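based on what follows, work out the 3D shape:
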Amino acid sequence: MHHHTQPDPLATESFPTDPSGLPEAGRPQLLELAPGDTLELQVGPVAKRLGDTTVRMLGYNGSIPGPTLKVQQGSEIIVHVINNGDLDTTVPWHGLRLENKYDGVPHETQAPIPVGGEFTYRIQFPDPGLYWYHPHIREDYTQELGLYANILVVPTEPEYWPPADRDFLLTVDDLLLEDGKVAPFSPVETSYAAMGRFGNVFLTSGEPDLHLSARAGEVVRLWLTNTANTRVFNLTVPGAWMKQVGGDSGRVEREEFIESVVLAPSERAVVDVLVDQPGELHLEHHTPDRTYRLATLTVAEDRVASPAAGEFKVLRRAPELAAEREQLDAWLAAPPDKVLALVAQMDDPAAMPAGAGPVTYACPMHPEVTSTEPGRCPECGMKLLATQAPAATAYACPMHPEVVSDQPGRCPKCGMKLLATAAPSSYVCPMHPEVTSDQPGRCPKCGMKLLTTQSIPKPAAAAGGAAMDDDGGHAGGHDHAGHHGEGHGTAEGIEWEDDMVEVNRLTTTATMHWKFLDRTSGADSPAIDWHFTVGDRVKLRLVNEMDSDHPMHHPFHLHGAGRFLVLSRGGVPEPNLVWKDTVLVRTGQVVDILFDVSNPGLWMAHCHIAEHMQSGMMFSFNVARAEGAAR
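Predicted coordinates:
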């Protein structure tokens, strides 16, 4: 499996960033497509206005996001893709259980579409709900630059969803700007491989300041898709009643009132909001330390008598998922068919070859944790990274070793010249700089490997761009290096911010190795060799192991071989079922899922943090046709 196709030649230090002469990015169209319709989808560069800055991005059909597709359940359409972008591409149709040859995985289900090339997909929509499409070659770059869009599949059952007055199909995303441009991407390697690339400008449906409108008394339905490379969103509308009615692939087992909904990259949620009073409401992203305003909903005073509002307090149940619930106890008690561990191996970017001189070790997340020996951070458990120590940074008297100095000179006791000696090694965690050690190891706070102090770059100047302050207002020049100490983002097993941005920037696919390990067979990704048959139901156990050089959350995604139900998280049965294709596995968590296998072919499984997938966190598995099934 190969996901590093590059155009020839691309010998520059970064992809293009100049927006001069490019067409201005438009707002996404809503395209209602009938069965058998053909859509022409063009990939190309656009100039995107973000506040006072114009940046070069990529769009489908000239817009960011691309056009929203509205189709009927059970229908099929034809999509003709023309690639005028920066590099080879494909288009996976995320979450759809479709024919394998149109799944959009390069070198597995299709040849990459070269720049100037074309490819035609036939796409089926067997399930209702919210889906999306994006690239699958260097998506750390292409998806970040704007290649993503929603798909709404309208159910054949008229009463499938509760009534609503307005539909807003939204994507939530972030973008990293530096010096008025999108932070550079190397054409030859993926950077930010440890944490993924966190942005400092938030985009809701492509806009840093999205405005929506409704009327008092209405029910507004938010169709929410997280298209970010790595950021987990915790979405809420303060001051309004919210009710979750759906998830990745259709409606939930039972509708429930919620205060917020957590979405990992590629996850979706369908949320109804009762806008009862005139005024302004805000879609916000809340972390344990910060609040980010993502969109404004202006509610007009001309109140309407809405039948949807009259039914808003009714919490309906989905009979098809109630039937699945009846079988859940047996699956909860059953042993897993497969056990998949999620781990990281991190090479020290400052490691020196043998004989190069003294070596020190430090934790990337706790720079103050240092050591003279390899090991793990005592605060977070992360592997210490090595670097060469300075050859002579301290001075001592040969006759009086207690006499030391950081400057050359003479011993005040005997007058002898002080001799240079190596300074004691020091190790530190990049995410918790207060954690230091004279021994290698792991950070006791976050489990991350300690790095030598020489491995930890000094923080860069604050990144430019419009971020948000804690009250939701714009705060230009937000320090993207994030918070340290109290602000560290591991609350609830989620890295809410990039707290080691300078080290993260330096980690690439050469030094950061994200892996799946099949604990059932002992195989390592990509050599994992799973075989299933159409009609199988398989219990998969996902273990986010703390014995890892960088413990972190992962959104685990299965391509269109089927769909799954979450059985339990941390041993606790899932209280509200919904068909899914992606599940967030938090740091240290064990998640059991029930995979319903329905489509034959060669399919991918991967982490949907783009940089983690590019760094090796992926493999493919085979699904055979059922015996006697028609081809």
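
mind listing the strands for the stretch 1-150 of the chain?
Counting by DSSP state E, counting those that start in this stretch, one finds strands in the stretch 1-150 of the chain at the ranges 30-32, 38-50, 53-60, 68-72, 76-83, 93-94, 118-124, 129-133, 149-154.

sheet partners, orientation included, of the fourth one?
What it means is strand 68-72. Sheet partners assigned to strand 68-72 using DSSP bridges are listed as strand 30-32 (parallel), strand 149-154 (parallel).

same list (these) but as TSV, adding distance to residue 395 and mean neighbour count.
The way it works is simple: take the backbone N, C-alpha and C, and place the C-beta from them, glycine included. Listed next are these as TSV, based on distance: least, CB to CB, whole Å; neighbours: other CB atoms under 10 Å:
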stretch	distance to residue 395	mean neighbour count
strand 30-32	72	13
strand 149-154	64	23
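
so which of those gets nearest residue 278?
strand 30-32 (26.5 Å; CB to CB).

average pLDDT for that closest one?
Strand 30-32 shows a mean pLDDT of 98.

report the beta-bridge partner residues of residue 569.
With DSSP bridges applied, residue 569 shows beta-bridge pairing to residue 572, residue 591.

would you format the strands paired with strand 68-72 as CSV with distance to residue 52 included?
Compiled in CSV, these are given as follows (distance: least, CB to CB, whole Å):
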stretch, distance to residue 52
strand 30-32, 29
strand 149-154, 26
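
residues near residue 322, how many?
The number of residues packed near residue 322 is 12, by other CB atoms under 10 Å.

tell me what the one helix or strand it maps to is packed against?
When secondary structure is defined by DSSP states H and E, residue 322 falls within helix 319-326. If you count contacts as 3 or more CB pairs under 8 Å, 6 or more residues apart in numbering; DSSP states H and E, helix 319-326 packs onto strand 250-258.

show me what counts as buried in the strand it packs on.
The neighbour-count check on strand 250-258 (16 or more other CB atoms under 10 Å) flags 250, 251, 252, 253, 254, 255 as buried.

closest one of those residues to residue 336?
Once CB to CB is applied, the member of these that ends up nearest residue 336 is residue 253, at 22.3 Å.

my guess is that closest one meets residue 322, correct?
Yes. The pair formed by residue 253 and residue 322 meets the contact definition of CB atoms under 8 Å, at 6.7 Å.

one step back: show the average pLDDT along the very next helix or strand once past the helix holding residue 322.
Once helix 319-326 ends, the next helix or strand along the chain (criterion: DSSP H and E) is helix 328-333. When pLDDT is averaged over helix 328-333, the result is 96.

quick one: low-confidence parts of the stretch 1-150 of the chain?
Segments of the stretch 1-150 of the chain classed as low confidence (criterion: pLDDT under 70) are 1-12.

most remote residue from the protein's center?
Among the C-alpha atoms of the chain, the one most distant from their mean position (CA atoms, centre = their mean) is that of residue 414, at 62.7 Å.

ok, that one touching residue 397?
Yes. Contact status for residue 414 versus residue 397: in contact at 6.9 Å, counting by CB under 8 Å.

nearest spatial neighbour of the residue farthest from the centre of the chain, chain-adjacent residues omitted?
Once its chain neighbours are removed from consideration, residue 414 has its nearest residue in residue 399; the separation is 5.3 Å (CB to CB, 6 or more residues apart in numbering).

in contact with the one you found, which residues?
Counting by CB atoms under 8 Å, 6 or more residues apart in numbering, residue 399 makes contact with 411, 413, 414, 416.

top of the residues you listed by neighbour count?
Neighbours here mean other CB under 10 Å. Within the contacts of residue 399, the largest count is held by residue 411, at 18 neighbours.

which residues touch that one?
For residue 411, the contacting residues are 397, 399, 400, 403, 417, 418, by CB under 8 Å, 6+ apart.

using neighbour counts, give me the buried entries of those.
For these, a burial check counting by 16+ other CB under 10 Å picks out 397, 403, 418.

what would these look like in JSON lines with distance to residue 218, secondary structure and pLDDT?
Formatted as JSON lines, the entries for those read as follows, by distance: CB to CB, whole Å; DSSP: H, G, I helix; E, B strand; the rest coil; pLDDT from 0 to 100:
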{"residue": "397", "distance to residue 218": "82", "secondary structure": "coil", "pLDDT": "73"}
{"residue": "403", "distance to residue 218": "80", "secondary structure": "coil", "pLDDT": "81"}
{"residue": "418", "distance to residue 218": "80", "secondary structure": "coil", "pLDDT": "73"}
